[in-house]
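Enquirer: Just the structure for this:
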Amino acid sequence: MKRFLTVLFAIITVSAALAADKKTIVMIAGKPSHGPGQHEHNAGILLLKKCLEEGVGDQVAILHSLNGEWPSANELAKADTVVIYADGGGGHPALQQDRLAQLDQEMKRGCGFVTIHYSVEPTLAKGNREFLAWMGGCFEVNWSVNPHWEANFKELPAHPISQGVKPFGTNDEWYFHMRFREGMEGVTPILSDVAPESTMKRGDGPHSGNPAVRASVARGDKQHVAWACERADGGRGFGFTGGHYHRGWGNGEQRKLVLNAILWTAHGEIPADGVASTVTEEDLQANLDPKPGQGLPEKAKEAK
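Expert: Residues are numbered from 1 along each chain as shown. Predicted structure coming up:
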C-alpha cells in the first residue's frame with residue numbers, strides 16, 4: 001500500500017509539473033466583419049485553437065475571447081503569447097480604453113504578440129509605436145497597401161516558424177510595404193514575394209497606393225507579408241498579413257506556418273515537421289458568423 005501511494009504521488013507530481021509547464025496562449029477574435037467567408041475572426045480563432053490543441057495539446061493551454069470581447073487582467077497575466085485576429089485601424093480591439101497599457105505590461109515581462117490580417121494595422125496616433133516595439137513591424141496608412149493578389153512563396157528562411165512548411169502560394173489580400181523597425185532590427189522576413197504591377201492599379205490613398213510603394217514595386221523589391229521579431233526583453237512577435245479569406249486556413253502550409261509562429265512566440269517547442277493538424281470541410285464551415293449570404297444551415301443559424 002505504501003509503495004502504491006508513493007507511485008501515485010509521483011504520478012500526480014509529474015502531471016502537475018507538466019500542466020504547470022504548459023504555455024498559455026490567449027486568443028482574441030474581433031467582431032463579425034466583411035462579407036461571407038471573409039474576416040471570419042471567430043471561426044478563424046476557434047479553428048486555429050482546435051488545430052493547436054490537436055497538434056501540440058500537451059504543450060499549450062488556450063484561452064479565447066470572441067466577438068470583440070477582451071480577456072480579463074488575470075488571463076493576460078497568464079499569457080505566454082497574445083494572438084489577435086480582428087479588424088484594425090481605429091476600431092482595433094487593442095486600441096480601445098487602456099488596453100495598450102495592459103498589453104505593454106505583459107510585453108515588458110516577455111509575453112509574445114501575434115496579429116493576423118487587418119489586426120496588423122494600428123493607427124499612427126495610437127499603437128504604431130507599440131506594435132513596432134512588440135512585433136517589429138505593422139501596417140502604416142499612406143505607406144502600406146492592401147491589394148488582393150496571388151503570392152507565391154517559393155523560398156522559406158531557415159527559422160523555427162518555417163519548420164516543416166513547404167513552399168506554397170495563395171490568392172489573398174496580402175498587405176505589403178509594411179513599416180518595419182529601422183534597419184529591420186530584430187526582424188526576420190518569413191513570407192516574401194515580388195508583388196505584380198497589377199497591385200498598383202488603384203489610385204493613391206491611405207490603403208491603396210503612394211509614391212514610395214509604387215517605386216518599390218517598380219524596382220521589383222521583395223515584399224514581406226509575414227515576419228518574426230525577437231525583442232530585447234526576450235519576447236517574440238509575429239505579423240501575418242494574409243487571412244482575409246477563411247478558406248485560406250484550408251491550405252495546410254499556410255496553416256502550419258501560423259500555428260508554428262504562435263507556438264514560437266509562446267516559447268514552445270515546435271515539432272521537427274511543424275505543428276500537425278487536419279482540417280475538413282466541416283471544420284471550415286464551423287463557427288462562421290451568420291452574415292447575409294453566408295449560406296449557413298438553419299441549425300447553425302439557430303445555434304448562433
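Enquirer: Can you show me the helices along the stretch 201-304 of the chain?
Expert: In the stretch 201-304 of the chain, helices defined by DSSP state H, counting those that start in this stretch lie at 211-219, 252-265, 281-285, 298-303, listed in chain order.
Enquirer: Next, format these as TSV and append mean neighbour count.
Expert: C-beta coordinates here come from the backbone N, C-alpha and C atoms, glycine included. Compiled in TSV, these are given as follows (neighbours: other Cβ atoms under 10 Å):
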stretch	mean neighbour count
helix 211-219	14
helix 252-265	25
helix 281-285	13
helix 298-303	10
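Enquirer: Of those, which is nearest residue 47?
Expert: Relative to residue 47, the nearest member of these by Cβ to Cβ is helix 281-285, separated by 6.2 Å.
Enquirer: List the contacts of the nearest residue to residue 25 once chain neighbours are set aside.
Expert: Counting by Cβ to Cβ, 6 or more residues apart in numbering, residue 62 is the residue found nearest to residue 25 once chain neighbours are left out, at 4.8 Å. With contact taken as Cβ atoms under 8 Å, 6 or more residues apart in numbering, residue 62 is in contact with 24-27, 49, 52-53.
Enquirer: Show me where this protein dips below the pLDDT cut-off.
Expert: 1-20, 296-304 (pLDDT under 70).
Enquirer: which residue ranges form the strands in it?
Expert: With DSSP state E as the definition, the chain shows strands at residue ranges 23-29, 60-65, 81-85, 112-116, 137-138, 149-153, 168-172, 179-180, 187-194, 222-230, 236-240.
Enquirer: relative to strand 23-29, how tilted is the second one?
Expert: Orientation of strand 60-65 against strand 23-29 (axes from the mean of the first three to the mean of the last three Cα atoms, to 10 degrees) gives an angle of 20 degrees.
Enquirer: Please apply the same query to the last one.
Expert: Taking the same axes, to 10 degrees, one finds strand 236-240 and strand 23-29 inclined to each other by 30 degrees.
Enquirer: Using PDB, list the CA coordinates for strand 236-240.
Expert: As requested, C-alpha coordinates have been extracted for strand 236-240 and formatted as PDB (Å, rounded to 0.1, in the frame of the first residue of the first chain):
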ATOM      1  CA  ARG A 236       8.800  37.400 -29.600                       C
ATOM      2  CA  GLY A 237       6.400  38.800 -32.200                       C
ATOM      3  CA  PHE A 238       4.800  37.700 -35.400                       C
ATOM      4  CA  GLY A 239       2.800  39.600 -38.000                       C
ATOM      5  CA  PHE A 240       0.800  37.800 -40.800                       C
END
